[in-house]
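Student: A predicted structure for the sequence below; I have some questions about it.
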Amino acid sequence: MKFSADQQHFEKINRRSTKDRSASAQMADWNILDDDLAENQRWSTWPDLEKLMRGPQPYPAFVIEDAAAMDTDLGVLKTGKEADVFLVERATDSRRALLAAKRYRSADQRLFQRSTIYTEGRSVRRSRDARALKNSSTYGREVEAARWADAEWTYLRMAHENGIPVPYPVQIHGTEIMMEFIEDPDNRGVAAPRLQSARPGPGLLADYWHQLVEAMKAFARLGFAHGDLSPYNVLAAGDRLVIIDLPQLVDLAGNVQGTELLARDCRNMCAWFNARGLEVDDGELLASLLAETW
């Protein structure tokens with residue numbers, strides 16, 4: 001898949017009108033509930049979604065399409081300045097699945113820290129949106145939240161479709177992304193730990209390195225760097241790694257700082273592996289990734 005196709009998909013999502021965005025965000029608000037449901041429940045939003053707002057087909061077995069499914073908020077998995085991630089159970093009378101719901105915060109609750117170095121080379125089609133972003137108005141902050149949610153959704157889809165180990169993207173609804181819950185295989189219902197806290201033995205450590213390099217090469221072949229890759233943005237789910245947090249993915253051809261951001265990713269990851277006894281070189285890793293890119 002080339003970036004042009006992903007950009008077209010990204011632009012299709014961004015062409016939704018402000019009215020549509022506002023209505024969608026309102027529908028995704030957890031506080032808008034049926035009187036018959038508990039405070040932490042809502043009916044599944046899946047039936048309301050257009051095709052591009054659902055994950056790639058074929059859908060995994062854990063995706064529940066039933067219009068009668070109920071979503072129950074089970075608690076917080078991760079908090080951040082831009083978004084919070086919640087554990088959600090989507091269930092019918094006969095089926096249940098755990099999902100991770102990433103909800104970008106409302107304009108009066110968030111403090112975006114994403115630097116413009118990540119978005120260099122990305123376009124904003126609507127002139128009103130571009131002005132609002134520049135002026136940091138209330139509307140501009142809403143546009144900003146939608147941009148990051150849309151970007152993460154697009155990049156999750158792209159990565160999954162190209163075999164990169166990321167959570168399967170189930171759906172996007174307003175500024176909420178629901179995705180595969182990456183579970184600790186040794187602890188049912190518990191999130192997989194971040195790589196930062198993992199203590200693999202020599203054999204698994206070497207295998208982790210191989211998985212990481214292959215994932216970074218796959219991103220590079222598509223023309224991207226993660227841009228914020230560190231052991232905190234990689235999950236260790238037993239013997240496999242899963243890369244998370246993709247909204248800042250960097251276009252290596254369109255961003256003049258792309259190579260430096262890729263080099264930073266290499267330094268961050270090599271430092272972790274070196275500290276645990278596997279000798280790797282960030283310069284060699286960077287060279288191999290650039291060879292994949294160009």
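Tutor: Received, thanks.

Student: let me know how buried the nearest residue to Leu285 once chain neighbours are set aside is, in neighbour terms.
Tutor: Setting aside the residues directly before and after it, Leu285 is nearest to Cys266 in space (Cβ to Cβ, 6 or more residues apart in numbering), at 4.6 Å. Quick note: C-beta positions are derived from backbone N, CA and C, even for glycine. Other residues within reach of Cys266, judged by other Cβ atoms under 10 Å, total 24.

Student: now Pro47
Tutor: Neighbours of Pro47 (other Cβ under 10 Å): 11.

Student: what about the closest residue to Glu65 other than its chain neighbours, neighbour count?
Tutor: Nearest non-adjacent residue to Glu65, counting by Cβ to Cβ, 6+ apart: Trp46, 6.0 Å away. When counting by other Cβ under 10 Å, one arrives at 20 neighbours for Trp46.

Student: also Glu82?
Tutor: Count around Glu82 with other Cβ under 10 Å applied: 18.

Student: residue boundaries of the helices in the stretch 101-250 of the chain?
Tutor: According to DSSP state H, counting those that start in this stretch, the stretch 101-250 of the chain carries its helices in the segments 116-119, 127-135, 138-161, 202-221.

Student: rank those by pLDDT, which is bottom?
Tutor: Of all the helices of the stretch 101-250 of the chain, mean pLDDT reaches its minimum on helix 127-135 (a mean of 47).

Student: and Lys102, what pLDDT?
Tutor: The score at Lys102 is 97. That number is its pLDDT.

Student: where's it relative to Glu152, distance?
Tutor: Counting by Cβ to Cβ, to the nearest Å, the gap from Lys102 to Glu152 is 7 Å.

Student: neighbour count for these two, which is higher?
Tutor: Between Lys102 and Glu152, counting by other Cβ under 10 Å, Lys102 is the more crowded of the two (26 against 23).

Student: isn't that one up against Glu176?
Tutor: Yes. At 7.0 Å, Lys102 counts as touching Glu176 under the criterion of Cβ atoms under 8 Å.
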